[in-house]
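Enquirer: Let's see this in three dimensions:
(one chain, ligands or ions: 1)
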Amino acid sequence: MTSAQCPVCFSDRTIPIGDHIHTCNSCGIAFNSKFRPKRYNESYFLDEYRHQYGKSYIEDYDAIYSVSKKRIATILQFIQLKKKPSGLSLLDIGSAAGFFLKCARDRGIERVHGIEISEYAAGYCADTFHIPVSRSSFEDLIIENRYDIITAWFFLEHCADPAPVIDKIYSVLNNGGIFAFSGPSLFGPMFKFKRNAWIETHPPDHRIDFSPRFVKAIFKKKGFRKIHVKPAGIHPERIISSGSVFFKPFSPVYRIFSRLTAFSDTIEVYAVK
Ligand SMILES: [Zn+2]
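Expert: From the prediction side, this is the model:
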């Protein structure tokens with residue numbers, strides 16, 4: 001893949017900022033023209049994940065569950081449907097071992113369904129939590145049902161062609177329903193202050209990077225009515241070392257700024273149809 005055409009808005013008005021990373025002047029995302037999809041097999045969920053985070057994906061259950069609780073609370077705050085949680089339906093794309101789905105069901109959302117390409121992770125979810133999972137890529141799956149909530153945590157940036165994926169999500173979402181997702185953002189300390197390191201360490205399996213402003217514009221254009229963006233993590237130490245004398249006064253100010261503007265290397269988006 002060598003094309004420098006934007007994979008979200010298809011504009012040719014793009015600028016190379018690294019060997020194979022480009023920014024789009026039209027919609028404002030960054031994209032990787034040498035994108036290589038990763039293989040999500042058993043070794044990813046056990047060994048590769050451990051290598052990156054110090055424990056396997058399965059062992060990271062508590063941390064993932066606790067983030068999931070906050071995300072479900074935000075979804076229930078923004079959803080525009082007058083239904084009790086027990087009446088809502090939820091589809092999680094790239095559902096991995098099903099920890100988010102388990103949490104959603106624990107919070108009262110009874111009709112939950114996953115889509116997961118990894119046979120190992122899909123099997124783990126079905127066997128452990130007895131939650132139905134379609135073993136497929138989202139792109140290849142024919143979806144007959146419509147959902148009130150669709151979630152995709154750190155999924156969209158891994159899609160070779162994100163534009164038709166966003167269109168398909170929109171088409172299977174009920175009016176008043178919510179599409180919640182997370183992804184990497186350009187409007188954060190790494191891209192703004194450590195650009196060279198950002199380019200050098202850009203994951204080959206990331207096709208696109210968002211920003212709060214552009215995600216709002218793109219999703220409005222796709223038909224979503226209201227878009228809320230939150231920082232997915234707040235890291236003042238990425239700007240000033242935590243050992244510095246300036247860190248203590250800087251950190252609370254940075255936290256406020258990050259919450260107000262979604263300035264962060266990763267963002268969560270809650271888009272209402
Ligand atoms: Zn674009």
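Enquirer: export the host helix or strand of Phe250 as CSV, just CAs?
Expert: Assigned by DSSP states H and E, Phe250 belongs to helix 247-261. The C-alpha coordinates for helix 247-261 follow below in CSV (Å, rounded to 0.1, in the frame of the first residue of the first chain):
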residue,chain,number,x,y,z
PHE,A,247,5.9,19.0,37.9
LYS,A,248,3.9,19.6,41.0
PRO,A,249,2.4,23.0,40.0
PHE,A,250,2.1,21.9,36.3
SER,A,251,0.3,18.6,36.8
PRO,A,252,-3.1,19.9,38.1
VAL,A,253,-3.3,22.7,35.5
TYR,A,254,-2.5,20.1,32.8
ARG,A,255,-5.2,17.8,34.0
ILE,A,256,-7.8,20.6,33.8
PHE,A,257,-6.6,21.5,30.3
SER,A,258,-6.7,17.9,29.1
ARG,A,259,-10.2,17.3,30.4
LEU,A,260,-11.5,20.5,28.8
THR,A,261,-9.9,20.0,25.4
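Enquirer: after that helix comes which helix or strand?
Expert: For helix 247-261, the following helix or strand on the C-terminal side (DSSP H and E) is strand 266-272.
Enquirer: and that next one, what does it pack onto?
Expert: helix 61-78, strand 173-184, helix 212-222, strand 226-231 (3 or more Cβ pairs under 8 Å, 6 or more residues apart in numbering; DSSP states H and E). No exception for glycine: its C-beta is placed from N, CA and C like everyone else's.
Enquirer: Neighbouring strands of it in the sheet, and parallel or not?
Expert: Strand 266-272 has its sheet partners listed here by DSSP bridges as strand 173-184 (antiparallel), strand 226-231 (antiparallel).
Enquirer: Check which residues of the helix holding Phe250 are buried.
Expert: 254, 258 (16 or more other Cβ atoms under 10 Å).
Enquirer: which other residues reach that helix?
Expert: For helix 247-261, contacts defined as Cβ atoms under 8 Å, 6 or more residues apart in numbering pick out 187, 212, 230-231, 234, 236-237, 239-241, 263-264.
Enquirer: at 10 Å what do you get?
Expert: 187-189, 212-213, 229-231, 233-242, 244, 263-264 (Cβ atoms under 10 Å, 6 or more residues apart in numbering).
Enquirer: residue nearest the centroid of the chain?
Expert: Ser182 (2.4 Å; Cα atoms, centre = their mean).
Enquirer: how about stretch 176-195 as CSV, C-alpha atoms only?
Expert: The C-alpha trace of stretch 176-195 is given here as CSV (Å, rounded to 0.1, in the frame of the first residue of the first chain):
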residue,chain,number,x,y,z
GLY,A,176,-30.8,7.8,19.3
GLY,A,177,-28.2,5.0,19.8
ILE,A,178,-24.5,5.6,20.5
PHE,A,179,-21.2,4.6,18.8
ALA,A,180,-18.5,4.7,21.4
PHE,A,181,-14.8,4.1,20.5
SER,A,182,-11.3,4.9,21.4
GLY,A,183,-8.2,5.5,19.3
PRO,A,184,-4.9,7.3,19.0
SER,A,185,-4.9,11.1,18.7
LEU,A,186,-2.6,13.7,17.1
PHE,A,187,-3.8,16.4,19.6
GLY,A,188,-1.7,15.1,22.5
PRO,A,189,1.8,15.5,24.0
MET,A,190,3.6,12.9,21.9
PHE,A,191,2.6,14.3,18.5
LYS,A,192,2.8,18.0,19.6
PHE,A,193,6.1,17.9,21.6
LYS,A,194,7.9,14.7,20.6
ARG,A,195,7.1,14.5,16.9
